[in-house]
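Novice: Structure for the following, please:
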Amino acid sequence: MRAAATTEPGRLWIIGTVVALLVVAFGAVTAWEVSDRAAAADDVVSRSQPLSADAASIYRSLADADTAAASGFLAGAQEPRDVRLRYESDIATASRLLVKAAANTTGASDSGRSIAALNEQLPVYNGLIEQARANNRQGFPVGGAYLRYANEQMTSRLLPAAQKLYEAETGRLYDDYDQAETWPYAALAVGLVALGGLYWAQRRHYRRTNRVFNHGLVAAGAASVVILLWLVAGHAVAAADLSTSRSHGQESLKVLNDARISSLQARANENLTLVARGAVLTKDGKDDKYDADYKAEMKDLVAKIDSAGKLADDSSGRTPVEDARRSVTEWQQRHATARATDIHGDYDDALRQVIGASGSTGQSFDGVDAALEKAIGHEQREFTRAASDGKGALTGLPLGAAVLAVLGAAAAGVGVSRRLAEYR
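Specialist: Numbering: from 1, shown residues only. Modelled structure (predicted):
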């Protein structure tokens, strides 16, 4: 190298080699970093978010099963068929999604431990519910004790485990978001170095030969500029779309799922208030425990619906949230009436106001649940559209950068070789 650097042909050969290697390195680093970001974006769309949604569905199914069990118990010895089918569907859905989650999770992870706890406790809970049903059909008061114990297992073991699973999967989703949105700084740095080297080589060529352009070096520079602009524009668009899917899709989904779970837990506590008939009190012994829990869940529900309304960015997202808010207000009013009726000793009328066919709190709850389900469906579509657009913005960039880099390096080599040929 020292010997070659003493002659102009040798220096040209060194310059051509270094410039070509810089262009190739630029393409290689770009392809590597963009492939990494594209894989993370693909995980957001096809793996992380679906798993997070499944974890939320597991939580919702368990909470809904608990609500359906309490509703069926209140209906008396002859449990309504639709309530029974709803409970069975919820348990089947939770079981199926647990199998799916286990297939995508290692046993040593937080998610794996949560799944193991859920698989262990779910059959126990189901057995307690069957005991409660069997005793209720025979008119034995102990059925209520079984139901309350089953609810305790649900709230103290199953739902916390489901919550941990949901948080773990959502954390993985946000990690993939962060990875996909991180700028490819190494590729940008190498690209600027390559362009700087090409500019210096072209300027040196002009000063030593008085020739304005070397076509090969110009072609290599053009290829490098195209790669750099494509990299900046593609990643900027991808990051913007992924950010939109995160702020206007995933964040809304998280709040709406939390709101739906709060409504289910509030409904279960409302039903258990009538099942227990004041047998379970708060720690201070002043209030009915289940009624106090109902009020706490409803407070959370109102706050989450308010948050969902702020996050909704179009009428299709705001309308179902407003419907849910109206149904919550109606539910609270009807609950207050039913609770007053129960306190004054008219249990049968209070029962009708809670699970009756018309004008009941159950109808209001169904309205809340249906509105939230509609809002979740809309936000899920918004997420999928924006995240898929973000993923698509990076399509073709790794291969395109590699091809352009090879062509640019070849052009630089041809340009320098023509200059070298003049010395023969």
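
Novice: what helix or strand does the nearest residue to Val403 once chain neighbours are set aside sit in?
Specialist: If the residues on either side of it in the chain are set aside, Val403 comes closest to Gly27, at 7.9 Å by C-beta to C-beta, 6 or more residues apart in numbering. (Glycine included, C-beta is placed from N, CA and C.) Per DSSP states H and E: Gly27 is located in helix 8-43.

Novice: Give the other helices and strands that that helix contacts.
Specialist: helix 159-181, helix 185-209, helix 215-245, helix 361-393, helix 397-421 (3 or more C-beta pairs under 8 Å, 6 or more residues apart in numbering; DSSP states H and E).

Novice: closest one to Glu79 among these?
Specialist: When the helices and strands packed on helix 8-43 are ranked by distance to Glu79, counting by C-beta to C-beta, first place goes to helix 361-393 at 14.6 Å.

Novice: and Lys283, helix, strand or coil?
Specialist: Recorded secondary structure, Lys283: coil (DSSP: H, G, I helix; E, B strand; the rest coil).

Novice: Could you report the pLDDT at it?
Specialist: pLDDT for Lys283: 78.

Novice: and what of Gly345?
Specialist: At Gly345, the predicted lDDT confidence score is 85.

Novice: Spit out the contact partners of the residue nearest to the spatial centre of the chain.
Specialist: Closest residue to the average C-alpha location of the chain: Gln49 at 3.8 Å, with C-alpha atoms, centre = their mean. Contacts were defined as C-beta atoms under 8 Å, 6 or more residues apart in numbering; by that measure Gln49 touches 173, 250, 383, 387.

Novice: Not counting sequence-adjacent ones, nearest residue to Trp183?
Specialist: Spatially, and ignoring its direct neighbours in sequence, Trp183 is nearest to His235 (6.4 Å; C-beta to C-beta, 6+ apart).

Novice: pretty sure the one you found contacts Val34?
Specialist: Yes. Under the criterion of C-beta atoms under 8 Å, His235 is in contact with Val34, at a separation of 7.4 Å.

Novice: how much space is there between the residue nearest to Trp183 and Gly309?
Specialist: 33 Å (C-beta to C-beta, to the nearest Å).

Novice: Which residue ranges of the stretch 251-400 of the chain form helices?
Specialist: When secondary structure is read from DSSP state H, counting those that start in this stretch, the stretch 251-400 of the chain shows helices at 251-276, 289-311, 315-343, 347-355, 361-393, 397-421.

Novice: Of all these, which one comes closest to Val83?
Specialist: helix 347-355 (9.3 Å).

Novice: contacting residues around stretch 26-36?
Specialist: For stretch 26-36, with C-beta under 8 Å, 6+ apart as the criterion, the contacting residues are 179, 184, 186-187, 190-191, 193-194, 224, 227, 231, 234-235, 394, 397-399, 401-406, 408.

Novice: Drop anything exposed from those residues.
Specialist: Among the contacts of stretch 26-36, those that count as buried by neighbour count (16 or more other C-beta atoms under 10 Å) are 184, 187, 190-191, 194, 224, 227, 231, 234-235, 394, 397-398, 401-402, 404-406, 408.

Novice: Excluding residues flanking it in the chain, which one is nearest Asp42?
Specialist: Leaving aside its chain neighbours, Asp42 sits nearest to Lys391 (5.7 Å; criterion: C-beta to C-beta, 6+ apart).

Novice: burial measure for that neighbour, as a count.
Specialist: For Lys391, the neighbour count with other C-beta atoms under 10 Å is 24.

Novice: Distance-wise, check it relative to Asp300.
Specialist: Noted for Lys391: a distance of 34 Å to Asp300, by C-beta to C-beta.

Novice: Over to Ala189?
Specialist: Between Ala189 and Asp300 the computed distance is 48 Å (C-beta to C-beta).

Novice: Compare these two and say which one has the larger neighbour count.
Specialist: Neighbours were counted for Ala189 and for Asp300 using other C-beta under 10 Å; Asp300 has more, 17 against 12.

Novice: shouldn't the more buried one be in contact with Ser262?
Specialist: Yes. With contact defined as C-beta under 8 Å, Asp300 counts as touching Ser262 (4.7 Å).

Novice: Now do the same contact list for Ala102.
Specialist: Contacts of Ala102 (C-beta under 8 Å, 6+ apart): 112, 115, 119.

Novice: nearest to Ala55, of those residues?
Specialist: After measuring these against Ala55 - C-beta to C-beta - the closest member comes out as Ile115, at 9.5 Å.

Novice: Find the nearest non-adjacent residue to the closest one, please.
Specialist: Across the structure, with C-beta to C-beta, 6+ apart as the measure, the residue nearest Ile115 apart from its sequence neighbours is Ala102 (5.1 Å).

Novice: Check which helix or strand that neighbour maps to.
Specialist: When secondary structure is defined by DSSP H and E, Ala102 falls within helix 81-103.

Novice: mind listing what's buried in that helix?
Specialist: Residues of helix 81-103 classed as buried by neighbour count (16+ other C-beta under 10 Å): 83, 86-87, 90-91, 93-95, 97-98, 101-102.

Novice: on that earlier part again, now the residue nearest to Val403: how far from Asp82?
Specialist: Remark: distance between Gly27 and Asp82 (C-beta to C-beta) = 62 Å.

Novice: still on that earlier bit, per-residue pLDDT of the residue nearest to Trp183, please?
Specialist: 91.

Novice: so what's it up against?
Specialist: Here His235 is in contact with 34, 37, 183-184, 393-394 (C-beta under 8 Å, 6+ apart).

Novice: Turn those into JSON lines, columns for pLDDT and distance to Gln153.
Specialist: Converted to JSON lines, the contacts of His235 look like this (pLDDT from 0 to 100; distance: C-beta to C-beta, whole Å):
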{"residue": "Val34", "pLDDT": "92", "distance to Gln153": "49"}
{"residue": "Arg37", "pLDDT": "90", "distance to Gln153": "44"}
{"residue": "Trp183", "pLDDT": "91", "distance to Gln153": "48"}
{"residue": "Pro184", "pLDDT": "91", "distance to Gln153": "49"}
{"residue": "Ala393", "pLDDT": "87", "distance to Gln153": "47"}
{"residue": "Leu394", "pLDDT": "88", "distance to Gln153": "47"}
